[in-house]
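Enquirer: Here is my input, please return the structure:
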Amino acid sequence: MTLAGVFSRLQSFERETLMRDWDKVCEGRSLKVSRRDVMGAAAAAAALTIVPQHVLGGPRRIPPSEKLNIAGVGIGGRGAGDLDEVGTENIVALCDVHDQYAAKTFKRYPKARRYRDFRKMLDAEKNIDAVIVATPDHTHAVVAMMAIKMGKHVYCEKPLAHSIYEIRRLTEAAREAKVATQLGNQGQASEGTRLVCEFIADGAIGSVRQVHSWCNRPISPRGIDRPKETPPVPGGLDWDLWLGPAPQRPYHPCYLPFTWRGWWDFGSGVLGDIGCHQFVSIFRALKLGYPTSVEACSSGVNSETAPLASIVRYDFPARKGMPPLKLTWYDGGLMPARPEELEEGLRFGGADDNLYVGDKGKMLGHRLLPEARSKEYGRPPRALPRSPGHHKEWIQACKGGEPAGSNFDVAGPLTEVVLLGNVALRMGQQLYEKGLKLYYDGPGMKVTNLPEANKYIRSEYREGWTL
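Expert: Next comes the predicted model:
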């Protein structure tokens, strides 16, 4: 082995291994170089050749004792709350296209550098370790993908992206880049989610064959057409950047700051907004993957906005040790039938809730029905580790810990299924007229029996934007 060879192995061998190699080089030769000299020279050589990993495009290795350098994109609404949750770290850069809406957050972090365009921010701020993406749904993917390609860890609000195609690409890119990720469905870290899993694993309600899930909170105006008025863009808002990859349209105050959720070009309706929260315990406890089919009905199909009320039905195949499952989603005030086991005078769950129907009983949320059964059974055996907190999971993962509970490998397939329900909703009238439901090839990412439905699997970007 040559001296150069020894130096090249400096980063992967312990000190004594290196010195044993050096002794072999010196054996039988008249070399007047001490062991101290070689270690000093090697360290100097290493200092000249080691390049920080984040400069090369990969995530920087961060010890648990060091603070992350975090940037926020979309900081006026939910993004402000996400930043508060990671306030123990360094908030180094903030980006928002709407100055007035983001003003309080800019003021809260006076040392953070300010940007309107996330692309300029990521290009300029080489010290960023991690990015929080809390923009409207239609820009999640372009922001998150740029960060991932640059080796940044990513926390992205739900739903993960605006289309099934974008979700799949983000999931694959994050896995390849080996960055830490987390979806913003905080309930996955809750005690309630763990109790659902433990009750079902303990056989408290037997084999589960049906789940009913609903949200009856008002989520953005829906069932309306595009406005005809074209008022001027207010000062402090970059409307073109807000549109991002979405089709060009005139500004109108009905789209923002929060009401974009109901518009198909920008949001994902009630199902897209809340489904990632509601379905997480269902998917985890019942080990769900892709459904074989989906169908939907609603208060009316509109090309501009999500319906006022809807029902979506998914069919999942049998899994190992578990029978086929029917999962039904309701919104806009619609509900499943009130279970007989729920005593009169007791409210039928919350505004967002799940009802699990098993061979041996029912469970509302994480409480067995009826109340007498719940009191008799008590709590199931504690089998799952508890979370330190949803955002803290991500912080620890960024610093080399275990993957966060809703990392993209977990959250990606879940969100794909959520958005598949919107595909069925948008095809609702055609499904009714043709007497069909959509059959779905999950791994292949396509509807197999109604090809025209696949136009909703992938959104087209306007010129100048790519994933």
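
Enquirer: residue closest to the middle of the protein?
Expert: Leu183 (2.5 Å; Cα atoms, centre = their mean).

Enquirer: And stretch 115-134, what's buried?
Expert: Residues 115-116, 118, 121-122, 125, 128-134 are the ones in stretch 115-134 that count as buried (16 or more other Cβ atoms under 10 Å). C-beta coordinates here come from the backbone N, C-alpha and C atoms, glycine included.

Enquirer: any chance you could map the helices in the stretch 51-200 of the chain?
Expert: 78-85, 99-108, 118-124, 137-149, 164-177, 191-201 (DSSP state H, counting those that start in this stretch).

Enquirer: Using JSON lines, please lay out those helices together with distance to Trp239 and mean pLDDT.
Expert: Formatted as JSON lines, the helices of the stretch 51-200 of the chain follow (distance: least, Cβ to Cβ, whole Å; pLDDT from 0 to 100):
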{"stretch": "helix 78-85", "distance to Trp239": "19", "mean pLDDT": "97"}
{"stretch": "helix 99-108", "distance to Trp239": "13", "mean pLDDT": "97"}
{"stretch": "helix 118-124", "distance to Trp239": "16", "mean pLDDT": "98"}
{"stretch": "helix 137-149", "distance to Trp239": "13", "mean pLDDT": "98"}
{"stretch": "helix 164-177", "distance to Trp239": "22", "mean pLDDT": "98"}
{"stretch": "helix 191-201", "distance to Trp239": "39", "mean pLDDT": "98"}
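
Enquirer: mind checking which of those is nearest Pro218?
Expert: helix 78-85 (16.7 Å; Cβ to Cβ).

Enquirer: Could you list the residues in contact with that closest one?
Expert: 70, 72-73, 75, 91, 96, 104-105, 108-109, 132, 134-135, 155, 157, 184, 389-391 (Cβ atoms under 8 Å, 6 or more residues apart in numbering).

Enquirer: What subset of these is buried?
Expert: Buried among the contacts of helix 78-85 by 16+ other Cβ under 10 Å: 70, 72-73, 75, 91, 96, 105, 109, 132, 134-135, 155, 157, 184, 390-391.

Enquirer: and the residues you listed, which of them are in strands?
Expert: 70, 72-73, 91, 132, 155 (DSSP state E).

Enquirer: Low-confidence bits of this protein, can you list those?
Expert: 1-57 (pLDDT under 70).

Enquirer: Domain ranges for it, per the record?
Expert: Listed by automatic domain parsing, the domain ranges of the chain are 3-50, 69-185, 188-389+404-456.

Enquirer: Return the most buried member of those domains.
Expert: When the domains of the chain are scored by mean count of other Cβ atoms under 10 Å, the highest mean neighbour count falls to domain 69-185 (a mean of 21).

Enquirer: Touching, Ile164 and Glu416? I think so.
Expert: Yes - with contact defined as Cβ atoms under 8 Å, Ile164 counts as touching Glu416 (4.9 Å).

Enquirer: Could you pull out the residues contacting both of those two?
Expert: In contact with both Ile164 and Glu416: Met445, using Cβ under 8 Å, 6+ apart.

Enquirer: just checking, what packs against the helix or strand where Leu420 lies?
Expert: Using DSSP states H and E, Leu420 falls within helix 408-426. Under the contact criterion of 3 or more Cβ pairs under 8 Å, 6 or more residues apart in numbering; DSSP states H and E, helix 408-426 touches helix 164-177, strand 181-183, helix 269-286, strand 293-298, strand 310-316, strand 438-441.

Enquirer: For Pro370, find the nearest of these.
Expert: Taking these one by one with Cβ to Cβ, helix 269-286 is closest: 20.9 Å.

Enquirer: How far does that closest one sit from its chain's centre?
Expert: Centre-to-centre, helix 269-286 and its host chain are 12 Å apart (Cα atoms, centre = their mean, to the nearest Å).

Enquirer: do you know how far the nearest residue to Thr181 once chain neighbours are set aside is from His140?
Expert: Residue nearest to Thr181 in three dimensions, not counting chain neighbours: Phe408, with 4.3 Å by Cβ to Cβ, 6 or more residues apart in numbering. Separation of Phe408 from His140 (Cβ to Cβ, to the nearest Å) stands at 12 Å.

Enquirer: same check, this time on Asn302
Expert: 23 Å.

Enquirer: all helices for the stretch 301-450 of the chain, in order.
Expert: 371-377, 390-398, 408-426, 428-434.

Enquirer: circling back to that earlier point, as TSV, the domains of the chain with distance to Gln396 would be great.
Expert: Converted to TSV, the domains of the chain look like this (distance: least, Cβ to Cβ, whole Å):
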stretch	distance to Gln396
domain 3-50	26
domain 69-185	9
domain 188-389+404-456	7
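
Enquirer: Let me know which of these is the nearest to Gly464.
Expert: Using Cβ to Cβ, these put domain 188-389+404-456 closest to Gly464, at 8.4 Å.

Enquirer: which residues does the residue nearest to Thr135 when sequence neighbours are not counted contact?
Expert: Of all residues beyond its chain neighbours, the one nearest Thr135 is Gly74 (3.4 Å), with distances taken as Cβ to Cβ, 6+ apart. Going by Cβ under 8 Å, 6+ apart, Gly74 touches 95-96, 133-136, 139, 143, 157.
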